[in-house]
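Engineer: Sequence below, structure please.
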Amino acid sequence: MSADPAPKHGLILAVNAGSSSLKISLFKRDGASSESPHDIVDLLLTSTITNISQPPASFSFQLASHAEGREAKKEPVKSIKDHASAFQHFLDYLKREASIDRSEIVHICHRVVHGGDYFEPVIITDESYHYIERLSDLAPLHNGGALSVMKACIQELPNANSIAYFDTSFHRTMPQHISMYPIRQDIAKKRGLKKYGFHGLSSPSWARQVPSNNYAFVFTS
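Structural biologist: Next up is the predicted model:
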């Protein structure tokens, strides 16, 4: 696994591996314009695979209004057995029905539930992959699926960067007396047992939508 820089122009996948689902969005990155210093990102399509652990899995594929191809709505797919085969089915469908080749994808953004001591997004390398793998006991229903998709991305999209974004990052400023469990601290530190906080990638959106002068949020897990 390498961390070579990927092109600034190209397609971006956003991948969210749940305990028994896989949600994918594909965007086109056009770079900055004369009117804005920020990159312009255009949504091309979305895909959802559900019931992965209770086959047959259900596959949906929805195109943006300006995109071309064949959509799918809750089609049963017997070949999907796990998150890796679900991702492979998506790539095959992407090429076959939307005429988009996987080689056009330059970045894959993975939502990862548990990042441990990673507080910022990280490019997936051997080191970061194995670190996230060691956290699987702390998020057994989610980190395993995310790792499976990461490995599939590295195998099927070797020239793209896989980048992990963590739900736990949002809560990194939680005070120690709040995050600490009332147990022996030598055991807690050895096993990484503390309140990390979850759903952090969606928390900023909630905070923006609810007036701060009317409500107060406390995020603990």
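Engineer: contacting residues around the longest strand anywhere in the chain?
Structural biologist: Under DSSP state E, the strand in the chain containing the largest number of residues is strand 41-50. Contacting residues not belonging to strand 41-50 are listed as 11-12, 20-30, 57-64, 67, 69, 77, 80, 86, 89-90, 93, 98, 100 [CB atoms under 8 Å, 6 or more residues apart in numbering]. (C-beta placed from N, C-alpha, C; glycine too.)
Engineer: For F27, what is the enclosing helix or strand?
Structural biologist: Using DSSP states H and E, F27 maps to strand 22-29.
Engineer: list the helices and strands that strand packs on?
Structural biologist: strand 10-17, strand 41-50, helix 83-98, strand 105-112 (3 or more CB pairs under 8 Å, 6 or more residues apart in numbering; DSSP states H and E).
Engineer: Distance to D186 and mean neighbour count added to these, as a markdown table?
Structural biologist: As requested, the helices and strands packed on strand 22-29 are exported to a markdown table (distance: least, CB to CB, whole Å; neighbours: other CB atoms under 10 Å):
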| stretch | distance to D186 | mean neighbour count |
| --- | --- | --- |
| strand 10-17 | 33 | 22 |
| strand 41-50 | 42 | 18 |
| helix 83-98 | 36 | 19 |
| strand 105-112 | 27 | 22 |
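Engineer: May I see those organised as CSV, with mean pLDDT added?
Structural biologist: Formatted as CSV, these follow (pLDDT from 0 to 100):
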stretch, mean pLDDT
strand 10-17, 93
strand 41-50, 94
helix 83-98, 95
strand 105-112, 93
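Engineer: can you pull out the helices in this structure?
Structural biologist: 83-98, 126-134, 143-156, 176-179, 185-191, 203-209 (DSSP state H).
Engineer: can you list those helices in CSV and add distance to V106?
Structural biologist: Shown next, in CSV, are these (distance: least, CB to CB, whole Å):
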stretch, distance to V106
helix 83-98, 15
helix 126-134, 19
helix 143-156, 12
helix 176-179, 36
helix 185-191, 38
helix 203-209, 25
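Engineer: quick one on the thing from earlier: list buried residues within the contacts of strand 41-50.
Structural biologist: When the contacts of strand 41-50 are checked for burial by 16 or more other CB atoms under 10 Å, the buried set is 11-12, 21-29, 57-59, 61, 63, 67, 69, 77, 80, 86, 89-90, 93, 98, 100.
Engineer: Give me the distance between stretch 39-55 and the centre of its chain.
Structural biologist: 11 Å (CA atoms, centre = their mean, to the nearest Å).
Engineer: my guess is D82 meets K151, correct?
Structural biologist: No - using CB atoms under 8 Å, D82 makes no contact with K151, being 11.1 Å away.
Engineer: follow-up on the earlier one: neighbouring strands for the longest strand of the chain, and are they parallel or not?
Structural biologist: Its sheet considered, strand 41-50 pairs with strand 22-29 (antiparallel), strand 57-63 (antiparallel) by DSSP bridges.
Engineer: angle of that strand against strand 10-17?
Structural biologist: 30 degrees (axes from the mean of the first three to the mean of the last three CA atoms, to 10 degrees).
Engineer: Dump the C-alpha coordinates for strand 41-50 into PDB.
Structural biologist: Taking C-alpha atoms only, strand 41-50 is exported to PDB below (Å, rounded to 0.1, in the frame of the first residue of the first chain):
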ATOM      1  CA  VAL A  41     -17.400  18.800  -7.000                       C
ATOM      2  CA  ASP A  42     -20.300  17.500  -9.000                       C
ATOM      3  CA  LEU A  43     -22.400  14.500  -7.900                       C
ATOM      4  CA  LEU A  44     -22.700  11.900 -10.600                       C
ATOM      5  CA  LEU A  45     -24.500   9.000  -9.000                       C
ATOM      6  CA  THR A  46     -25.200   7.100  -5.800                       C
ATOM      7  CA  SER A  47     -25.500   3.400  -5.000                       C
ATOM      8  CA  THR A  48     -26.800   1.500  -2.000                       C
ATOM      9  CA  ILE A  49     -26.300  -2.200  -1.200                       C
ATOM     10  CA  THR A  50     -28.200  -3.600   1.800                       C
END
